[in-house]
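[1] predicted model and sequence below, questions to follow.
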Amino acid sequence: MEELLKLFIVIWTFLMGIIIILYIWKRHKQLTAQGNNQRDISPRLGLHEARLKHFTNIQETTRKVDKEPNIQEPEPEGEENKCRKRKTNKKTQDKSVTVEKKIINGPDAEIFVEDTMKSTHFDPDTGCPITQPIKTLDEAMRWMQGFDEFNVARFLLPAGYKGLENRPRTLVCHDMRGGYIEDRFVQGYPSCDCYRIYHWQYIDIFVYFSHHFITIPPPTWTNAAHTNGVLVLGTLITEWDDGAQRCSEFLEDEHSYKALAKQLVEIADYYKFDGWLINIENPIQPAKVINLIDFVDYLTKAVHQRNPFGQVIWYDSVTYKGDLQWQNELNSMNGQFFESCDGIFLNYTWSVHQVSTLGHAAAAYQRPLADVYVGVDVFGRGCYAGGGFKTKEAVKIARQEKLSTAIFAPGWVLETQGKQNFTVNQNRFWALLSKECPTHPMAKGIPFVTSLCQGYGEKLFINGKEVLSHPWTNLSCQQIQPTYINAFYNLGGKGGIIISDVSYSLDDAYNGGGCQLVHGRTCETPEKAKGVVRLFETDMTLSSGILVSFTYKLVPKDCFQVGLQFHTDRTPTYILLCPSPSDAKDFKKQDEEESKLSKMFNQKYGVHTSKVLSSSAFTSPIGKEHFEAYAPVTASDHDVVQRIFGVEKSADGWCTRYYLIAGRHLVGCQVKEIRVVCAKPSNNQTLPGLISTPFKLHIGEIKILDPQILRTLIPVVSNLRHRDVIWKTGSHGNTLSLTLMWDCPIQAEMESILYCDVYTVIGDSESNVFIGRSFVDSYRVCNLNVPKQCNSVEFIVQSLTMSKRSKTLENNSSILVTWAK
């Protein structure tokens, strides 16, 4: 009996223990759930959303802000939380597309918030996201990736980039009024007078410079440079007593300098730029110089491990003794730093004799001459020839010795010559340098897509239609720029086509703020006439097939014919993409192989290949063995491609032609240059030169794509959501600010997203109004005007792919934000 009692006590104790454990576990789960609901960054949120919540930093406080009430976002309940179908064209709308409906408090709600965003990643005046430097060593060591996604560059170096060439290079160190001016606004700035660079064909490395400890290039600069095949470096600089103290700290021992180097590698990798300029302009304690050399060496190797094209360049400043003594040459005083990194940026107060010795000095270190960058200050401070428009003279001295150059502060053009004639003066500055600066191919692979926009404009156009009517600058929007500036020639009948000028114009554009405009005059002649505009130096290897899209606008419309010409490395030398012939006799009869190939492409892509032409106004005076001319795809196939590209119809005056070219002879063929050709057939019925007509030819867009794109799906963003709503009230209306976030699908059968355009529909309006463009997976809507009588705003996010394809607006994701009046 006693043993049964003991067994009963054991069993009872065990069961009670289980009950207590279950109770504690259940209570802990409830408390955890309550705690999570009160936290600023909830585990229920995705990492992306949590990071944005962290750095926008809108939190509750006990102080009321006049005229700037915060908007707490209550969970929608009942039927109002359900998705609704957007009111659109039912024939074209994707049935899966819905409008997410969210309820927020309106501008009259009594809400308590902080008056501004505390985060340095947002401008305190406008609330717009901005790029900021890292100003202290402590801040550098505390930096963590993931909390300022707006500042991450979208574009990597283009496909086919092979690294720096072993020839005299050109490094440009921007130093524009100390940096972080209008360009700090990562979503763009409402002015077309901002500093910009667009002569990328002459530049191999771009350095963004400021006098802060660690300079992070704004993503707009990185995007523009990478688009045009140029490396981008940030800057680490220390100066004066503060810099000496900072160096003493991070050079204290191996652990400390390696810790900083690792942070620099992570920073460059996260923001997608390619390395660092190291500028130590303060004395270094002699005992710590060896740590500085090891720091440079360790950083260089670490950058190379992360980025095969990465660069670390040393500025000629302190010596191996720790003294701040600019050498203006490569010698034993700075050679150890040169040995530890990828190149040396020499100070700019050198003499011609010092430059003449650099070849022997580089050879002594068994390094290429190209790794020595002779500094040239455009402001002319102690520099040979005095800088300014005479900068070319200093560059010429370096080139005579086959050395690279580092051009410092080219912003001189805007700072000293003014905004009004900046484009003219900028073109003059680089035209003077052009003979001394080797060019690099602007396209090294497919896809090749450009609308030639320089990243600014007085208006913004999308598919030829004006969507923005005020000035803007956003260098992330900059497209691949022409290699050849104002380069053209005329052939054939005298006076038939006379091109007088090729320049960038803001008057009109197909996609962006401007495009290349060809000016000239034309008249009837008894002989064929041609005008040729040279655009791009390329190094593009073709496969068995390419899809080409060419968009232009000609005024008067039919004063001559317009085509595209590829200059190749084999016979036939020229691939000519011509208009459709008026006479069917101009088509070359297809042989059996060509016919089979066309049927195969139609079965695979839904489009037949372009037909070969036997004759064309574009071929004269070239012998037939040197060209192969193609007509556009047929009208029905044109409509198919137009639908696939998401273009509803051509805008007024703009003409787009598509070519699908295929054949064994294309495999391995290299396109070395892209040109636009104007051709005028002979007219024996008219006396030459009697009537001369001025013309304007806008070159709107050129695309060279893999035909696979015709069967690749267009992605649409998903999980569109918002947060951090801020209202500002006024006598005439209210302004709304909030952050939109979304997810981009990553699937093998889908094309990658290049950027997203954001539109809004306010209240009962049926007009879609363009408000901005995002190159990350978020967009901060800033101070959107909302009429007082309105109680809803719809935001539409339209994704555009690498080939600039998109679905129509009604087939993209949107979110409807509503509030009580």
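    Received, thanks.
[2] show me what contacts the residue lying closest to D342 once chain neighbours are set aside?
    Excluding its sequence neighbours, the residue lying closest to D342 (Cβ to Cβ, 6 or more residues apart in numbering) is Q311, at 4.6 Å. No exception for glycine: its C-beta is placed from N, CA and C like everyone else's. Neighbouring residues of Q311 by Cβ atoms under 8 Å, 6 or more residues apart in numbering: 164, 205, 231, 233, 274-276, 303, 342-343.
[3] check M442 too.
    Contacts of M442 by Cβ under 8 Å, 6+ apart are 200-201, 228-229, 480-483, 536-538.
[4] after the helix or strand of the chain with the lowest mean pLDDT, which helix or strand is next?
    Across the helices and strands of the chain, the lowest-confidence element by mean pLDDT, DSSP states H and E is strand 70-71, at a mean of 34. The helix or strand immediately downstream of strand 70-71 is strand 99-103, counting by DSSP states H and E.
[5] now for that next one, which elements pack on it?
    Using 3 or more Cβ pairs under 8 Å, 6 or more residues apart in numbering; DSSP states H and E, the elements in contact with strand 99-103 are strand 718-729, strand 813-818.
[6] go through stretch 434-442 and flag the buried ones.
    Buried positions in stretch 434-442, judged by neighbour count with 16 or more other Cβ atoms under 10 Å: 434, 436-437, 440-442.
[7] export those to a markdown table and tack on distance to G457, pLDDT and secondary structure?
    Converted to a markdown table, the buried residues of stretch 434-442 look like this (distance: Cβ to Cβ, whole Å; pLDDT from 0 to 100; DSSP: H, G, I helix; E, B strand; the rest coil):
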| residue | distance to G457 | pLDDT | secondary structure |
| --- | --- | --- | --- |
| S434 | 25 | 97 | helix |
| E436 | 31 | 98 | helix |
| C437 | 27 | 98 | coil |
| H440 | 26 | 96 | coil |
| P441 | 27 | 95 | coil |
| M442 | 21 | 93 | coil |
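[8] among those residues, which one lies nearest to N105?
    Comparing the buried residues of stretch 434-442 against N105 with Cβ to Cβ places M442 closest, at 50.8 Å.
[9] re the thing from before, which single one of the buried residues of stretch 434-442 is nearest to R142?
    Using Cβ to Cβ, the buried residues of stretch 434-442 come closest to R142 at H440, 38.6 Å.
[10] beta partners for F770?
    For F770, the beta-bridge partners under DSSP bridges are Y759.
[11] the helix or strand where V532 lies packs against which elements?
    For V532, the host element (DSSP H and E) is strand 529-541. Applying 3+ Cβ pairs under 8 Å, 6+ apart, we find strand 529-541 packed against strand 488-492, strand 497-505, strand 515-523, strand 670-680, strand 692-705.
[12] which neighbours in the sheet does the third one have, and how are they oriented?
    Strand 515-523 sits in its sheet next to strand 497-505 (antiparallel), strand 692-705 (antiparallel), going by DSSP bridges.
[13] and the shortest one, what's buried?
    Neighbour-count burial for strand 497-505, counted by 16+ other Cβ under 10 Å, picks out 497-499, 502, 504-505.
[14] now the angle from that strand to strand 488-492?
    Angle between the axes of strand 497-505 and strand 488-492 is 160 degrees (criterion: axes from the mean of the first three to the mean of the last three Cα atoms, to 10 degrees).
[15] with adjacent residues omitted, what lies nearest to the residue positioned nearest the centre of the chain?
    In the chain, the C-alpha nearest the mean C-alpha coordinate belongs to N223, at 3.0 Å (Cα atoms, centre = their mean). Spatial nearest neighbour of N223, chain neighbours left out: S476 (4.2 Å); criterion: Cβ to Cβ, 6+ apart.
[16] quick one: contacts for that neighbour?
    Going by Cβ under 8 Å, 6+ apart, the list of residues near S476 reads 154, 186, 188, 219-220, 223-224, 455, 755, 773, 775.
[17] wasn't it part of a helix?
    Yes. According to DSSP: H, G, I helix; E, B strand; the rest coil, S476 belongs to a helix.
[18] distance of it from L740?
    Taking Cβ to Cβ, to the nearest Å as the measure, S476 falls 17 Å from L740.
[19] just E401 next, same as before
    Taking Cβ to Cβ, one finds E401 at 54 Å from L740.
[20] higher neighbour count, those two?
    Each of E401 and L740 has its neighbours counted (other Cβ atoms under 10 Å); L740 has more, 23 against 17.
[21] and the pLDDT for G689?
    Note on G689: pLDDT of 53.
[22] relative to V449, which of the helices and strands packed on strand 99-103 is closest?
    Per Cβ to Cβ, nearest to V449 of the helices and strands packed on strand 99-103: strand 813-818, 23.5 Å.
[23] the closest one: partners in the sheet, and parallel or antiparallel?
    Partners of strand 813-818 in its sheet, by DSSP bridges: strand 99-103 (parallel), strand 792-801 (antiparallel).
[24] so which of those strands is the most surrounded?
    Among these, the stretch with the highest mean neighbour count (mean count of other Cβ atoms under 10 Å) is strand 792-801, at a mean of 22.
[25] skipping adjacent residues, who's closest to E393 in space?
    Nearest to E393 is A385, by Cβ to Cβ, 6+ apart, at 3.7 Å.
[26] the one you found touches V395, doesn't it?
    No. Using Cβ atoms under 8 Å as the test, A385 is too far from V395 to be in contact (9.2 Å).
[27] would you map out the domains in this structure?
    Annotated domains of the chain cover 111-123+713-818, 173-183+200-434, 448-708 [the TED database].
[28] closest one to F627 among the helices and strands packed on strand 99-103?
    The nearest among the helices and strands packed on strand 99-103, by Cβ to Cβ, is strand 813-818 at 46.7 Å.
[29] what angle do strand 718-729 and that closest one make with each other?
    Using the same axes, to 10 degrees: strand 813-818 against strand 718-729 is 30 degrees.
[30] need the contact partners of strand 813-818.
    Residues contacting strand 813-818 (Cβ under 8 Å, 6+ apart): 84, 86, 97, 99-104, 716-718, 720-722, 725, 738, 740, 742, 791-797.
[31] what about 7 Å?
    86, 99-104, 716-718, 720-722, 742, 791-797 (Cβ atoms under 7 Å, 6 or more residues apart in numbering).
[32] quick one: low-confidence ranges for the stretch 601-750 of the chain?
    616-617, 619-625, 684-690 (pLDDT under 70).
[33] sorry, back to before: out of the contacts of Q311, which is most surrounded?
    Going by other Cβ under 10 Å, W276 tops the contacts of Q311 with 29 neighbours.
[34] what about K321, how many residues nearby?
    So K321, with other Cβ under 10 Å, has 11 neighbours.
[35] then P745?
    14.
[36] which residues touch it?
    715, 718.
[37] now do the SS call for it.
    coil.
[38] could you check how far it is from I714?
    Where I714 is concerned, P745 sits at a distance of 10 Å (Cβ to Cβ).
[39] quick check: closest non-adjacent residue to K390.
    Per Cβ to Cβ, 6+ apart, closest to K390 is G380, 7.7 Å.
[40] how about the one you found, what does it touch?
    386-388.
[41] again, only using 10 Å
    348, 386-388, 390-391, 394, 409, 412 (Cβ atoms under 10 Å, 6 or more residues apart in numbering).
[42] drop anything exposed from those residues.
    Applying 16+ other Cβ under 10 Å to the contacts of G380 flags 348, 387-388, 391, 394, 409, 412 as buried.
[43] helices - which of these land there?
    The helices, defined by DSSP state H, take in 391, 394, 412 from those.
[44] and A224, that's in a strand?
    No. Looking at A224 with three-state DSSP, it is helix, so not inside a strand.
[45] count the neighbours of it for me.
    Neighbour tally, A224, other Cβ under 10 Å: 28.
[46] residue ranges with poor pLDDT in this structure?
    For the chain (pLDDT under 70), the answer is 1-6, 8, 10, 12, 23-98, 109-119, 493, 616-617, 619-625, 684-690.
[47] hmm, back to that, now do the strand holding V532 and strand 515-523, the angle between them.
    150 degrees.
[48] ok, then the element right after strand 529-541?
    strand 545-555.
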